[in-house]
Each structure stands twice: as structure tokens, then as C-alpha cells.
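Asker: Please work out how this folds:
(2 chains)
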Amino acid sequence: MILYPFIIEVFQILLVLAVAPAFAGWVKALKCWSQGRTSPGLFQPYRDIIKLFSKDVVLAENASWIFRFTPYLVFGVSVLAGGIVPMLSVDLPLAATADVIALVALFAIARFFTALAGMDIGTAFGGMGSSREMTIASLAEPAMLMAIFTVSLASKSTSLSQMVQVIYSGQSVLRPSVAFALLAFILIALAETGRIPVDNPATHLELTMIHEAMILEYSGRHLALIEWAGMMKLFLFVMLGIAVFAPWGIAASGDLTAIPAAVLFMILKLAIVGAGLVLIETGLAKMRLFRLTEFLGSAFLLATLGMLSYFILE
Amino acid sequence: MNTSLAANINSFLAAMVLLTAFGMLVQRRMYGLIHLFAWQGFFLSISTAIVGFVAGAHHLYISSILTLSLKVILLPYILHILIQRLKIHKEVETIVNVPMTMMIGIALVIFSYHLTAPVRELSTLMTRSTLAVALATVLLGLLMMITRRHAVTQIIGFLAMENGLFFAATSATYGMPLVVELGVALDILIAAFIFGIFFFHIHTTFDSLDVDQMARLKEED
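Answerer: Okay, the predicted model is just below:
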């Protein structure tokens, strides 16, 4: 009986590992269709990862332990974060150990080490990418915490499971504070996962790349791990958004019978969110780097307005 | 419709009014600005109609329809025509320091919340909580008039201030008497025509609608 939550936990982590590349593939395929191209299919990310794992690692001569250690750390952090966000059931043993602030900190650790690894080799692109990434992070993280705190205020807790339960039992759907927080969260998620108005995941153009610039020197299994972790990060941000703002379908108890329905709901929501993401990405052009302060500033503004409207209007 | 649901919808609309006010503060393009202004009027008119329905104050329906026809359709249309006639539709205004303006805007919202807190304690109306938003909208319109240089933008800031006042009247006392509202609506309409004439004059004299040019008293050599 008491084993159920642990089974769900393990199942969820496996699910994150398995489904994240498929979600990335789904977004890519939709994007291809929307631009009138033939898509490489839903399973192309899996093939990419397998190919990269079978290749040799090429290391620069002056690479230190940070450079070799970072891919494993980033991957491990992503897997751990995958155990914290409630996706199928709120009854997660790991979710009780870490609240949403710890989750943001986990992502910050991964980002910190990626930036260090970018500078470790000493190439120009790595340093440039790291500096840009940290600029964005310093603006995005306060806004992210502000948006999350707004929802925490409404649900009186920073534990994700607790938040999901409170919103699930839902007194009212039409809360202005939560709507503002959702808008802010969408802007931040686009910035954090490196999607189009902030960073273009599809190109390696020297002047505009941010995340790709940091990992330019990686190859072989290191690159595979980092790419996989990147897909998981996108997946986890989507799941976090769903858990906090639209948790319908997540099983409320540690009951295995409710899991298949939860999986179905999850796939449905992922498909919808993927379509929304593609709409945003095809509708917008990439922003100039110096306009990003305004973009993330408005995310912060929206989150703050959400918090204020919690006090003013509710 | 029960009162708590109505209050809920009303506060959501108030939040949207506040959001459009902030959107106008940072919008660079003329057409985008006018669209945001029209949306603000739209949310305002729906909110007025809901308050009128719940409070049983039927004269608010007339105010709501007036707002809809004047601020959502007629004024944006007039501004649209003006912008086309004056050929400034492609103009993108430079704004000084957007993040700073946003921070000042947030400070204004907190200030108006603080200022209206005593009223909120005293009032028993369902709309009492939106009074802070109404005051904030007035102040944000004022901030927009101060920070912008373009004449058309300043007028939109002025109209946004009027939106805020109208909203304040609805949320503090379930609306002003109908005669007053009709008078204000007429004033706004006449003001819009006069602004239009002034725009043409400013444009022909200075060849631009940047009001900074009016600070110069004599022509440069």
C-alpha cells in the first residue's frame, strides 16, 4: 500500500526520460508543417541522441574537470527536477522534500555549471554565450520566483503538491492574480528554455546564439546528455506550467488505477501546449539582445501585478 | 447571477483594465496604442454593464453603451483617421527607459492601493476593491502624458485618464448621475474634435507632432 507513491515516482522519472525527446520532436514536427517543410518525424530526437552516444568524445587539451563534469551534473539535475514536478499524481515522495524554490535553485545550478563550462575552454563563443545566459538568468529568475510566489499566495504553500491540490479543489478559476502569473510564466518559460523571442534553438548563428554558444565545444556522449537535458528542461517547464495553472487530470491520490487517465490527460495537454508554443514561435521574430531587458522586465511587471492584484482585488 | 461571481468577474475585468493601462505605457506603435485604448474601453463597458445588472442601477446600461460606442468605436476611429491623414502611421516612438517607467507604474499602483485602503474599509459596495485599480489607471494615464513626447500619445494618455475616472465613479458609487455622464461624454467627443484640429495645426506649423518642438520660441538660425 505504502509502496504506491514510490512506484509512481519511478514511473514518472522514466516517463520524463522517455517522453521529453518525443515532445521536442512533436514541437519540431509541428513547426516544420507550419512552415511547409517535411518533418523528420516524432522520433528524430531519439535517433540524434543514440547517434551522439555512439560517437567518440573530443576534448580540448585545456579542458578541466568542470567541463567533463558539467554534462553529468546538468543531466542529473534535470532527472531530479523530473521527480519533483507533479505530473501524474500529487502523491510524490520527492515532491515533499523540495518545494518550488528548490526547483528554481536546481535549474540555477545547472545553468551556473553550463556557464562555467562555456568559459572553461576559453573560446570566444563560450564566454560570449555564458555572459548572455547569465544576463538573461539574472532577469528571468526574479520574475520566475515572483510568478510562482503569486500562485503560492493563492494556494498558501510553496510545495508543488500542495499547490496542485489547492488549485485542483479550485474555489474559483477566474482569479486575476493567477491569470497575470500565467502570462508572466509563459514569458519566462520562453526565456528559460531558450525558445524564439529570446534564443533560437534551431540555429548556430554566431551573433545570436546563447545556449548553443555555451555548449559549442561538446561532442559525443557529453553533447547527447546536454541535449537530452535540454529537452527535459523544456518538458519540465511545460509540466510545471500545467501543474500550477491547469492541473486537471493529475491524480489526487497515490492510487495506481488513476494513473492511465492521468497519462492520457498529460499527452493531450502536451499536444495542445506544443501547438501553442509553435504558434508563438512562428508568429514572433527573434528579439534583439538589448530588447530582452524589456521582454523580461514586462514578465516581472506582470508577475508583480499579479501579486498586487491578489491583495487589491481578492 | 450571484453577487460573488459578479464581483469576481468584475475584479477580473479591473485587472484587464490595469493590464491595458500598462500596455499603453510601453507600447511604441501608434496603431497598437489605439487598439489597446479600444480594449480598455471595451473591458470598462462590460464591467459597467455587469455592475449595473447586479446593483440594479439601470442608468449604468446607458453609460455602458455610451462607453462602448464612444471609447471603443468612435474615438479610436477618429484617431485612426487622424493618423492616416497626418501620415504618421509608420512612426515608432522612442520611449525613455521602459523598465524605469514600469517600476514607476508599479509604485503608482501600490500608492493608489495604499491611498484607497481606508475607503475600502468603509464601503459596502461589491465594487469597492476595484477603486484602487481605477485610481491607478488615472495615475498611469498621467504618467503616460508625462513620459511621452508625441501629441497623439499624450491625448491617448488623457483619454485613458478619463477611463480611469469613469471606472472610479462606477466602483465608488455605482456611477455618477446620468446627466453628468452624458455631459462628460459630450465633452470628450468635443475634445476629440478640437484635438484633431490642433493636431493639423501643429503638424502644418512644425512638420511633426513632437511636442518638444513647441518649447522653442524662435526659429533657429
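
Asker: Can you verify my assumption that residue A:141 contacts residue A:112?
Answerer: No: between residue A:141 and residue A:112 there is no contact under C-beta atoms under 8 Å: 11.2 Å. C-betas here are computed from N, CA, C, even on glycine.

Asker: remind me which residues of the stretch 201-314 of chain A are low pLDDT?
Answerer: Along the stretch 201-314 of chain A, segments meeting pLDDT under 70 span A:253-255.

Asker: Close to chain B: what parts of it are there?
Answerer: The stretch 201-314 of chain A has residues A:293-294, A:297-298, A:300-302, A:304-305, A:308-309, A:311-314 near chain B, with proximity defined as C-beta under 8 Å from any C-beta of the partner chain.

Asker: Got a ChimeraX select line for the buried ones in the residues you listed?
Answerer: Paste this into ChimeraX to select the buried members of those, with burial taken from 16 or more other C-beta atoms under 10 Å in any protein chain shown:
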select /A:294,297,298,300,301,302,304,305,308,309,312,313,314
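
Asker: Pick out the most distant pair among the residues of the stretch 201-314 of chain A next to chain B.
Answerer: A:293 and A:314 (30.2 Å; C-beta to C-beta).

Asker: thinking again about what came up before, now flag whichever of the residues of the stretch 201-314 of chain A next to chain B is closest to residue B:150.
Answerer: residue A:294 (18.8 Å).

Asker: The closest one contacts residue B:101, correct?
Answerer: No: assessed by C-beta under 8 Å, residue A:294 is found out of contact with residue B:101, at 10.2 Å.

Asker: Overlap in contacts, those two.
Answerer: residue B:26 (C-beta atoms under 8 Å, 6 or more residues apart in numbering or on different chains).

Asker: shaky segments in chain B?
Answerer: In chain B, residues with pLDDT under 70: B:1, B:91, B:217-221.

Asker: Any residues of it in contact with chain A? List them.
Answerer: Counting by C-beta under 8 Å from any C-beta, chain B sits next to chain A at B:8-9, B:11-12, B:14-16, B:18-19, B:22, B:26, B:98-99, B:102, B:105-106, B:109-110, B:113, B:129-130, B:132-133.

Asker: Just the buried ones from the residues you listed?
Answerer: Buried, going by 16+ other C-beta under 10 Å: B:8-9, B:11-12, B:14-16, B:18-19, B:22, B:26, B:98-99, B:102, B:105-106, B:109, B:113, B:129-130, B:132-133, out of the residues of chain B next to chain A.

Asker: just to revisit the earlier point, residue A:141 and residue A:112: who's more crowded?
Answerer: residue A:141 (19 against 16; other C-beta atoms under 10 Å in any protein chain shown).

Asker: mind listing what's buried in the host helix or strand of residue A:263?
Answerer: Secondary structure assigned from DSSP states H and E places residue A:263 in helix A:259-283. Across helix A:259-283, burial judged by 16+ other C-beta under 10 Å covers A:259, A:262-263, A:265-266, A:269-270, A:273-274, A:277-278, A:281.

Asker: starting at the chain centroid, how far to stretch A:207-217?
Answerer: 18 Å (C-alpha atoms, centre = their mean, to the nearest Å).

Asker: List the contacts of it.
Answerer: A:60, A:63, A:67, A:114-115, A:117-118, A:121, A:123, A:125-126, A:128-130, A:132-133, A:136, A:194, A:198-201, A:203-204, A:206, A:223, A:226, A:230, A:286, A:289.

Asker: again with stretch B:206-218
Answerer: B:86, B:88, B:149-152, B:154, B:199, B:202-203.

Asker: Just the buried residues of it, please?
Answerer: For stretch B:206-218, by 16+ other C-beta under 10 Å, it's B:208-209.

Asker: burial count for the residue of the stretch 101-250 of chain A at minimum distance from chain B?
Answerer: Per C-beta to the nearest C-beta, residue A:176 is where the stretch 101-250 of chain A lies closest to chain B, at 3.3 Å. Residues near residue A:176, counting by other C-beta under 10 Å, number 25.

Asker: what's near enough to touch it?
Answerer: By C-beta under 8 Å, 6+ apart, the residues touching residue A:176 are A:306, A:309, A:313-314, B:11-12, B:14-16.

Asker: is it possible to export those to a markdown table including secondary structure?
Answerer: Output for those, formatted as a markdown table (DSSP: H, G, I helix; E, B strand; the rest coil):
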| residue | secondary structure |
| --- | --- |
| A:306 | helix |
| A:309 | helix |
| A:313 | helix |
| A:314 | coil |
| B:11 | helix |
| B:12 | helix |
| B:14 | helix |
| B:15 | helix |
| B:16 | helix |
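
Asker: Please identify which pair of the residues you listed lies farthest apart.
Answerer: A:314 and B:16 (14.9 Å).

Asker: And the contacts of stretch A:241-248?
Answerer: Contacts of stretch A:241-248 (C-beta under 8 Å, 6+ apart): A:85-87, A:148, A:151, A:160, A:163-164, A:167-168, A:178, A:181-182, A:185-186, A:189, A:250, A:265-266, A:269, A:273.

Asker: Pull out the buried positions in it.
Answerer: Quick answer for stretch A:241-248 (16+ other C-beta under 10 Å): A:241-247.

Asker: Then stretch B:63-81?
Answerer: Going by neighbour count (16+ other C-beta under 10 Å), the buried part of stretch B:63-81 is B:63-64, B:66-68, B:70-72, B:75-76, B:78-80.
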